[in-house]
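Student: Quick check, what structure comes out for this input:
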Amino acid sequence: MTDRIKGNVYSVGQLNAYIKNMFAQDFMLGHIYVSGEVSNCKYHSSGHIYFTLKDDTGVINAVMFAGSRKKGLTFSMKAGDKVIVLGAVRVYERNGAYQLYAEQILPQGTGLLYQKFEELKIKLEEMGMFAEEYKQPIPAYALRIGVVTAPTGAAVHDIETVAKRRNPYVQLILHPAQVQGEGAAESIVFGIRSLEQRDVDVIIVGRGGGSIEDLWAFNEESVARAIFDCSVPIISAVGHETDFTIADYVADRRAPTPSAAAELAVFDLKQTVQLIDSIRLTLNRGIGTRLDAAEAKIRQYRIELTARSPKNRLIESRHRAADGQSRLQNRMELILSDKRQRLQLAAGALEERSPLKKLESGYAFLASPDGTRIRSAAALQSGDRIRAWMTDGSFTATVDEVSLEERRGNSGSDEKTADMEAEHGRRKTDA
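Tutor: Numbering: from 1, shown residues only. Predicted structure coming up:
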């Protein structure tokens with residue numbers, strides 16, 4: 001029998017896997033809107049919702065997981081409701097059945113508007129109109145604020161109230177606009193372009209809350225492009241906190257309400273004054289500290305300049321010279337005193353050794369007629385002529401007799417006495 005089979009044989013699992021892959025590769029089935037009537041609606045304890053979507057021509061099983069319910073379902077869905085489901089068609093590989101996996105469920109009446117909203121959102125996002133790099137910063141201290149909204153609505157009243165409370169000196173420039181119904185988009189675009197020409201610092205575009213139909217003007221592509229092209233930063237303030245419009249995504253900043261937009265656009269005067277006072281105090285302290293430091297440096301420089309001035313240096317040099325001169329003079333006086341004392345000692349020693357001193361003691365200086373000093377009696381003979389000098393004069397004598405022994409002893413004693421006196425004088429001189 002197997003011989004008759006021409007081609008590959010696949011298992012059930014392989015076939016289901018192949019079909020599942022085909023569904024996954026189909027772009028339309030991955031993001032599709034399906035309308036129909038709800039039946040067999042069951043809320044599971046896990047949070048998942050299992051239901052059937054049907055119309056006159058067919059039925060499809062559907063499921064919404066608990067993770068998608070928080071944002072994808074805003075009403076209590078029940079059997080018999082006409083709805084539009086946004087989701088993806090996939091194959092459950094285990095039993096080979098396909099079903100619709102719901103990401104968002106909308107009531108039938110507003111479903112088409114939501115579909116248009118999602119399509120435009122995807123288109124503008126792909127064009128980069130939601131990118132952060134194109135968003136302008138909101139000025140911190142705006143003085144002229146433009147407002148595009150209905151002149152009689154609650155939005156303008158809320159903006160005025162917040163502006164007066166935060167800063168009564170900020171100028172609000174209202175450009176009345178139709179914010180709902182036919183022609184509303186054109187009116188909003190005109191208001192944005194008009195305020196752009198009036199040299200305002202920031203523009204608030206918005207209105208109070210409402211249904212998707214009421215807010216639809218802010219989902220128009222023309223309004224989105226006017227906001228994106230505007231050279232003035234724009235804050236969108238459409239609806240309440242849970243309402244999002246295309247204008248919110250394109251604007252430079254989104255505010256959940258018009259009051260919140262005014263809080264963003266109008267700076268708080270009281271806080272600003274307090275901030276300025278704090279900055280002024282900080283600056284004054286900083287300047288005071290720097291001035292004190294500068295004055296201290298100036299004083300230090302003045303002292304250094306005074307110390308290094310030529311006049312002070314000259315005075316200092318004179319003091320050093322006078323001090324050196326005084327030390328030199330004191331040194332010289334010490335040296336002279338020492339020399340004088342030494343001279344006196346030497347003079348005393350010389351005086352002790354002076355022949356006149358000996359002569360004053362009764363001694364005489366003996367010499368031959370030719371002036372040769374006679375040192376010993378042995379050098380004399382009887383009859384020799386000698387000359388004797390005393391302190392008050394001299395005389396000439398003739399030697400009558402020479403006695404060597406007697407005179408040798410006397411002579412030796414005299415010489416010994418003279419030598420002792422000379423030695424005594426030398427020691428005094430050395431001292």
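Student: Please tell me how far residue 204 sits from residue 403.
Tutor: Residue 204 sits at a distance of 159 Å from residue 403 (criterion: C-beta to C-beta, to the nearest Å). For the C-beta atoms, the positions are set from N, CA and C on the backbone; glycine is no exception.
Student: err, residue 267, not the other one
Tutor: Distance, residue 267 to residue 403, by C-beta to C-beta: 146 Å.
Student: which of the two has more neighbours?
Tutor: residue 267 (17 against 9; other C-beta atoms under 10 Å).
Student: correct me, but that one touches residue 169?
Tutor: No - here residue 267 lies out of contact with residue 169, judged by C-beta atoms under 8 Å, at a distance of 10.2 Å.
Student: Show me where the stretch 101-250 of the chain dips below the pLDDT cut-off.
Tutor: Scanning the stretch 101-250 of the chain for pLDDT under 70 picks out the ranges 109-112, 240-243.
Student: Please enumerate the strands of it.
Tutor: For the stretch 101-250 of the chain, the strands defined by DSSP state E, counting those that start in this stretch cover 144-149, 171-176, 202-207, 234-238.
Student: Between these, which one is closest to residue 108.
Tutor: strand 234-238 (24.4 Å; C-beta to C-beta).
Student: What is the distance between the closest one and the centre of its chain?
Tutor: 37 Å (C-alpha atoms, centre = their mean, to the nearest Å).
Student: hmm, who's touching it?
Tutor: 138, 155, 192, 202-207, 215, 218, 227, 245, 247-248, 250-258, 260-261, 264-265 (C-beta atoms under 8 Å, 6 or more residues apart in numbering).
Student: coming back round to it: what would the strands of the stretch 101-250 of the chain look like in TSV with distance to residue 294 and mean neighbour count?
Tutor: TSV is the format used below for the strands of the stretch 101-250 of the chain (distance: least, C-beta to C-beta, whole Å; neighbours: other C-beta atoms under 10 Å):
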stretch	distance to residue 294	mean neighbour count
strand 144-149	43	26
strand 171-176	44	16
strand 202-207	43	28
strand 234-238	47	28
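Student: possible to save the ones you listed as a markdown table with distance to residue 105?
Tutor: Formatted as a markdown table, these follow (distance: least, C-beta to C-beta, whole Å):
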| stretch | distance to residue 105 |
| --- | --- |
| strand 144-149 | 32 |
| strand 171-176 | 38 |
| strand 202-207 | 27 |
| strand 234-238 | 23 |
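Student: Identify the bridge partners of residue 104.
Tutor: Taking DSSP bridges as the rule, residue 104 bridges to residue 86.
Student: Which positions within stretch 366-382 qualify as buried?
Tutor: Neighbour-count burial for stretch 366-382 flags 366, 374, 377, 380 (criterion: 16 or more other C-beta atoms under 10 Å).
Student: Now do the host helix or strand of the first one: distance to the chain's middle.
Tutor: With the criterion set as DSSP states H and E, the secondary-structure element containing residue 366 is strand 365-367. The gap between the average C-alpha position of strand 365-367 and the chain average comes to 112 Å, counting by C-alpha atoms, centre = their mean.
Student: and the next element down the chain from it?
Tutor: Next along the chain after strand 365-367, taking DSSP H and E as the criterion, comes strand 385-390.
Student: which other helices and strands contact that following strand?
Tutor: Other helices and strands packing on strand 385-390, by 3 or more C-beta pairs under 8 Å, 6 or more residues apart in numbering; DSSP states H and E, are strand 365-367, strand 393-398.
Student: Contacts for it, please.
Tutor: Contacts of strand 385-390 (C-beta under 8 Å, 6+ apart): 359, 364-369, 374, 380, 394-399.
Student: Check stretch 177-189 too.
Tutor: 148-150, 153, 190-191, 205, 207, 210, 214-215, 217-218, 220, 222-223, 226.
Student: rerun that using 7 Å as the cut-off
Tutor: Residues from elsewhere that reach stretch 177-189 (C-beta atoms under 7 Å, 6 or more residues apart in numbering): 148, 149, 150, 191, 205, 207, 214, 217, 220, 222, 223, 226.
Student: what residues are up against the last one?
Tutor: Read that as residue 226. 189, 192, 193.
Student: okay if I get these as a markdown table plus neighbour count?
Tutor: Below are the contacts of residue 226 laid out as a markdown table (neighbours: other C-beta atoms under 10 Å):
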| residue | neighbour count |
| --- | --- |
| 189 | 22 |
| 192 | 21 |
| 193 | 14 |
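Student: quick one, helices of the protein?
Tutor: Along the chain, counting by DSSP state H, helices occupy 12-25, 27-30, 66-72, 108-126, 154-166, 184-196, 221-229, 246-250, 258-265, 269-308, 310-353, 355-360, 404-430.
Student: What separation is there between residue 135 and residue 315?
Tutor: Distance, residue 135 to residue 315, by C-beta to C-beta: 74 Å.
Student: Kindly apply the preceding question to residue 26 instead.
Tutor: For residue 26, the distance to residue 315 (C-beta to C-beta) stands at 105 Å.
Student: coming back round to it: for residue 89, find the nearest of the strands of the stretch 101-250 of the chain.
Tutor: Closest to residue 89 of these, according to C-beta to C-beta: strand 234-238, at 33.7 Å.
Student: The closest one pairs with which strands, and in what direction?
Tutor: In the sheet, strand 234-238 lines up with strand 202-207 (parallel), strand 253-254 (parallel) (DSSP bridges).
Student: Let me know which of those strands is the nearest to residue 275.
Tutor: Minimum separation from residue 275 across these (C-beta to C-beta) falls at strand 202-207, 19.8 Å.
Student: Need the contact partners of the closest one.
Tutor: Residues from elsewhere that reach strand 202-207 (C-beta under 7 Å, 6+ apart): 138-139, 142, 145-150, 153, 155, 159, 179, 188, 192, 195, 227, 230, 232-238, 247, 258, 261, 265.
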